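# what would the 3D arrangement of this be:
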Amino acid sequence: MADVATSGEAPSPTVVPVAGYAGATSGADPVRWEGLTGQELAGQLGVPHVALYAAVGSTMDIAHQLAADGAPAGTIVLADEQTAGRGRGGRSWVSHSGSGIWMTLIERPTDAATVELWSVRHGVHAARALDPYAGDQIRLKWPNDLYIGSGKVAGILIEARWQEQRVLWVAVGIGINVRSPTGVAAPGALEPGTTRLQALTAVVPALRAAAQATGGLTPDELADCTVRDRSRGQCCREPAVGRVVGIGGRGELLVETPLGVRAFRSGSLVLDRDTEAA
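Numbering: from 1, shown residues only. Next up is the predicted model:
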């Protein structure tokens, strides 16, 4: 399920330098996020480092740069605003200042075989963590979208860097609408009154736990996929014409077609009711 890149280097990011990053302006006042510095956030979240930015193009680009420089697993890149946030397939993600969580988590898994199902596994764990702030059970759309009702509240993007058959690092990007974004069709958001800090402290441990899991999806994870699957039983036109019947143990989408049930490990799911791939 991962969007896997085999190139060794990520594009050079455009950033606003801040304290706590090697490129920070000397003597600059530290950027704060919900009143906390990157160092304070790292302590509260139990991670080795939070690279905190006022504004970046994409936290993904920063994460790849830091990972290439040796940043340890658990390092988080967090921005108040993204000017070029992206989702799967090069789609943009609206990331206005103060309205949500725009972050990328660096992980260095030892079980490379699990990376293909990270979009699904991380989606399940994130949904569980955010349920208390959703007002309803969060639903999933394969492979990487989280919904409250008809509105997309969050999206996950997985990008891995490999050396031959060994995974060097994985960047886990997530965007969460804490408040409804403007200019977006059918937006989703967490319950009014939810703070960004509440959502962040809930979702980070969940993402880290998902990254540390080994093997295929567990029976509990598969059961959760079934309960949360908003596409199950729906007719689709991509990745094949047919009817969605569920998600398999390796995170694959199962579609019933005229030739039988087929499994898809990559691509986008476009339902007949959709106007575009999500």
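# next secondary structure after the helix or strand Val244 falls within?
With the criterion set as DSSP states H and E, the secondary-structure element containing Val244 is strand 242-247. Proceeding N to C from strand 242-247, the next assigned helix or strand is strand 253-257, under DSSP H and E.
# what's the strand holding Val244 packed up against?
The contact analysis (3 or more C-beta pairs under 8 Å, 6 or more residues apart in numbering; DSSP states H and E) places strand 242-247 against helix 219-228, strand 235-238, strand 253-257. In short, each C-beta sits where N, CA and C put it, glycine included.
# same thing but 6 Å
Helices and strands touching strand 242-247, as assessed by 3 or more C-beta pairs under 6 Å, 6 or more residues apart in numbering; DSSP states H and E, comprise strand 253-257.
# what residues of the strand it packs on count as buried?
Neighbour-count burial for strand 253-257, counted by 16 or more other C-beta atoms under 10 Å, picks out Leu253, Leu254, Val255, Glu256.
# what about it, distance to the chain center?
Relative to the mean C-alpha coordinate of its chain, strand 253-257 is positioned 24 Å out (C-alpha atoms, centre = their mean, to the nearest Å).
# need the residues that contact the helix or strand that that strand is followed by.
Sequence-wise, the next helix or strand beyond strand 253-257 is strand 260-264, with elements assigned using DSSP H and E. By C-beta atoms under 6 Å, 6 or more residues apart in numbering, the surrounding residues in contact with strand 260-264 are Pro239, Ala240, Gly248, Glu252, Leu253, Leu254, Val255.
# pretty sure the fourth one contacts Ser266?
Spelled out, it's Glu252. No - at 9.1 Å, Glu252 and Ser266 do not qualify as touching, with contact defined as C-beta atoms under 6 Å.
# show me which of the two is the more surrounded one.
Comparing Glu252 with Ser266 by other C-beta atoms under 10 Å, the one with more neighbours is Glu252, at 21 against 15.
# quickly list what the closest residue to that one other than its chain neighbours is bridged to.
Nearest-residue entry for Glu252: Ala263, 4.2 Å, with adjacent residues in sequence omitted and distances by C-beta to C-beta, 6 or more residues apart in numbering. Applying DSSP bridges to Ala263 yields these beta-bridge partners: Leu254.
# could you check the angle strand 253-257 makes with the strand holding Val244?
Computed with axes from the mean of the first three to the mean of the last three C-alpha atoms, to 10 degrees, the direction of strand 242-247 lies at 140 degrees from that of strand 253-257.
# what mean pLDDT does strand 242-247 get?
Regarding strand 242-247, the rounded mean pLDDT is 96.
# what about that strand, distance to the chain center?
On the basis of C-alpha atoms, centre = their mean, strand 242-247 is displaced by 23 Å from the centre of the chain it belongs to.
# do stretch 147-164 as well
The chain centroid and the centroid of stretch 147-164 are separated by 4 Å, computed with C-alpha atoms, centre = their mean.
# show me what counts as buried in that stretch.
Under 16+ other C-beta under 10 Å, the buried positions of stretch 147-164 are 147-148, 152-162.
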